[in-house]
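**Q** I would like to see how this sequence folds:
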Amino acid sequence: MIAILLLTPMTAAAQDVTEPALKAAFIYNFAKFTEWPAGAVATGAPLILCVLGDPAIGEALERVVKGRTLAGHSISVSKATPVGRPLEACHIAYVSGVTASQAAEVVAGVRDAPVLTISDVEGFTKLGGIAQFFFEHGQLRFDVKLASAKRARLQISSKLLSLARPR
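**A** So this is what the prediction gives:
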């Protein structure tokens with residue numbers, strides 16, 4: 001069902017799906033369609049999804065990943081704060097509810113680390129983030145900035161890229 005959420009157009013106004021649940025499903029699928037460099041996720045260690053600034057997304061992500069594994073790794077959701085623990089410990093960092101300058105600081109803090117940065121902050125990919133959510137005609141869509149993904153040494157599947165807004 002999660003794959004269907006990513007592979008078919010969905011509207012934010014769908015009766016059974018809230019915006020946080022939809023974004024959480026997309027984030028989970030981003031993880032499924034991303035490869036981290038060797039050694040980025042230690043053997044036996046969990047894949048860590050950090051959420052900065054949006055507790056509803058964190059809660060929805062916890063529901064989506066509960067009991068799931070990716071590439072043999074359990075999945076852990078961590079709620080972060082702008083002045084909290086360093087996000088380099090995260091494999092995915094979702095950033096929301098912050099200013100553009102705070103988002104830029106987050107991106108700068110993980111600039112060369114293998115961290116998939118995702119946000120709904122306007123202009124996030126221009127700030128160096130990897131993926132940005134936006135709504136277009138009532139549908140949740142996303143951009144992917146390949147140069148940022150390559151800098152982070154992340155391999156994004158062509159299946160995921162084919163669904164991104166053409167740039």
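
**Q** how far does the lengthiest strand in the chain sit from the chain's center?
**A** Of all segments of type strand in the chain, defined using DSSP state E, the longest is strand 73-80. Remark: strand 73-80 is offset 12 Å from the chain centroid, using CA atoms, centre = their mean, to the nearest Å.

**Q** then stretch 24-44?
**A** In terms of CA atoms, centre = their mean, the centre of stretch 24-44 is found 10 Å from the chain centre.

**Q** other residues contacting that stretch?
**A** Here stretch 24-44 makes contact (CB atoms under 8 Å, 6 or more residues apart in numbering) with 2-3, 5-6, 47, 49, 57, 60-61, 63-65, 68, 70-71, 73, 75, 91-92, 94, 114, 116, 118, 131, 133, 140, 142, 153-157, 159-160. C-beta: built from backbone N, CA, C; applies to glycine.

**Q** write a ChimeraX command that selects only the buried members of these.
**A** Buried residues within the contacts of stretch 24-44, by 16 or more other CB atoms under 10 Å, are selected in ChimeraX with:
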select :5,6,47,49,57,60,61,64,65,70,73,75,91,92,94,114,116,118,131,133,140,142,154,156,160
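
**Q** re the thing from before, what does the helix or strand that the longest strand of the chain is followed by rub up against?
**A** Going down the chain from strand 73-80, the next helix or strand is strand 92-95, by DSSP states H and E. Contact with strand 92-95 is made by 23, 27, 30-31, 47-54, 57, 61, 80, 87, 102-103, 106, 110, 115-119, 121, 124, 129, as judged by CB under 8 Å, 6+ apart.

**Q** now, of those, which are buried?
**A** Buried subset of those (neighbour count, 16+ other CB under 10 Å): 23, 27, 30-31, 47-54, 57, 61, 80, 87, 103, 106, 110, 115-119, 121, 124, 129.

**Q** tell me which of these fall in helices.
**A** 23, 27, 30-31, 57, 61, 103, 106 (DSSP state H).

**Q** in those, find the pair that's most separated.
**A** The most widely separated members of these, counting by CB to CB, are Ala31 and Ala103 (20.0 Å).

**Q** residues in contact with the residue lying closest to Cys90 once chain neighbours are set aside?
**A** Nearest non-adjacent residue to Cys90, counting by CB to CB, 6 or more residues apart in numbering: Cys50, 3.7 Å away. With contacts defined as CB under 8 Å, 6+ apart, the neighbours of Cys50 are 77-80, 87, 89-90, 92-94.
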